[in-house]
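> Sharing a sequence plus its predicted fold:
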Amino acid sequence: MPKGRIYEEALEILADAGVPVPDDLTKETRKLILTAPEAQLAFFLAKPMDVATYVEYGVADLGIVGKDVLLEESRNVYELLDLQISPCRVSVAGLPDKKTVNGRIATKYPSIAEKYFRSIGEQVEVVKLNGSIELAPLIGLADRIVDIVSTGQTLRENGLIELETITTVTSRLIANRASYQLKYKRINQFYDQLKQHIERRGSRDEDRQSE
Ligand SMILES: Nc1ncnc2c1ncn2[C@@H]1O[C@H](COP(=O)(O)OP(=O)(O)OP(=O)(O)O)[C@@H](O)[C@H]1O
Ligand SMILES: O=P(O)(O)OC[C@H]1O[C@H](OP(=O)(O)OP(=O)(O)O)[C@H](O)[C@@H]1O
């Protein structure tokens, strides 16, 4: 399980789909391992960027992770299902009077940024930052940024504009490759449970929109 933003929505989707989640998973807790013994499930709480690493190494069979992380990390895992939660996008943004001063791009996603600029044939220098990415063009570290945009509030409040959307993002259910073979029945049951719930939710939303 990813801690942080995705956590609440992920928990809700699991509980609504009928997956037994431990009581203390829903409370404020500093514990990192929580169990639902009756369902033989253990939940590990990790940083969102690290979830796919735990799954790739097989210490977790399944994980919930943003597509942004999968694109950035290229982990050797199966992507099973689009959970359609925590939507956002990875975009290029900058000051409105887009001038190239130093050719630098600041980002928390160096791999996505490098791949994107290579694909459009633009040579840039990618500078890795760990947060507050929007600060970089404001004080001249970089001309543009590649970062997550959700409501657009952070860009707006800092006088920046979205220039290009590189990709849209939602959270995904991922599986370790060996676990998927060895625990196929159990994982598939879990997958079906979630998939059916997502489909039911999708058609409920469509009904609501057509009313
Ligand atoms: N507005 C948003 N900003 C960042 N990530 C978002 C946003 N909306 C949805 N997400 C999803 O949430 C994930 C990041 O969650 P979160 O911000 O809690 O983690 P983090 O970046 O490790 O946090 P921190 O800022 O504590 O380092 C992303 O991988 C992305 O898929
Ligand atoms: O479009 P918005 O709804 O404003 O969301 C986008 C902002 O949220 C994230 O930052 P976060 O809050 O994770 O802080 P950080 O800068 O420390 O990464 C992201 O890096 C953007 O800055």
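Done, it's in. Residues are numbered from 1 along each chain as shown. Ligands and ions are numbered 1, 2, ... in the order given.
> near ligand 2, which residues of the protein?
With Cβ under 6 Å from any ligand atom as the criterion, the chain meets ligand 2 at residues 131-134, 147-154. All C-beta spots, glycine's among them, are computed from the backbone N, C-alpha and C.
> Surely residue 133 and residue 145 touch.
Yes. With contact defined as Cβ atoms under 8 Å, residue 133 reaches residue 145; the gap is 4.8 Å.
> residues shared between the contacts of the two?
Common neighbours of residue 133 and residue 145, using Cβ atoms under 8 Å, 6 or more residues apart in numbering, are 106-107.
> Mind checking which of the two has more residues around it?
residue 145 (28 against 23; other Cβ atoms under 10 Å).
> Return the subset of the residues of the chain next to ligand 2 lying in helices.
153-154 (DSSP state H).
> Weed out the non-buried ones from the residues of the chain next to ligand 2.
Buried residues within those, defined by neighbour count using 16 or more other Cβ atoms under 10 Å: 133-134, 147-149, 154.
> follow-up on the earlier one: wait, which of the residues of the chain next to ligand 2 is closest to residue 12?
Taking Cβ to Cβ as the measure, residue 150 is the one of the residues of the chain next to ligand 2 closest to residue 12, at 17.7 Å.
> Could you measure from residue 6 over to ligand 2?
11 Å (Cβ to the nearest ligand atom, to the nearest Å).
> Name the helix or strand for that residue, please.
helix 5-16 (DSSP states H and E).
> Any residue of that helix touching ligand 1?
Yes. Helix 5-16 is in contact with ligand 1 by Cβ under 6 Å from any ligand atom, via 5-6.
> Give me the contact list for that helix.
So helix 5-16 is contacted by 1-2, 21, 25-26, 45, 48, 64-66, 83, 85-86, 171, 194, 197-198, 201 (Cβ under 8 Å, 6+ apart).
> quick one: which of these sit in strands?
The strands, defined by DSSP state E, take in 64-66, 171 from the contacts of helix 5-16.
> ok, and of these, which contact ligand 1?
Answer for the ones in strands among the contacts of helix 5-16 near ligand 1 (Cβ under 6 Å from any ligand atom): 66, 171.
> farthest pair in the ones in strands among the contacts of helix 5-16?
64 and 66, at 8.8 Å, using Cβ to Cβ across the ones in strands among the contacts of helix 5-16.
> tell me the mean pLDDT for the longest strand belonging to the chain?
As assigned by DSSP E, the longest strand anywhere in the chain is strand 161-169. Throughout strand 161-169, pLDDT has a mean value of 98.
> Output the longest helix belonging to the protein.
Max-length helix for the chain by DSSP H is helix 184-210.
> picking up where we left off before, so what are the sheet partners of the longest strand of the chain and their directions?
strand 88-94 (antiparallel) (DSSP bridges).
> at contact distance from ligand 1, anything in the strand it pairs with?
Yes. Between strand 88-94 and ligand 1, judged by Cβ under 6 Å from any ligand atom, the touching residues are residue 88.
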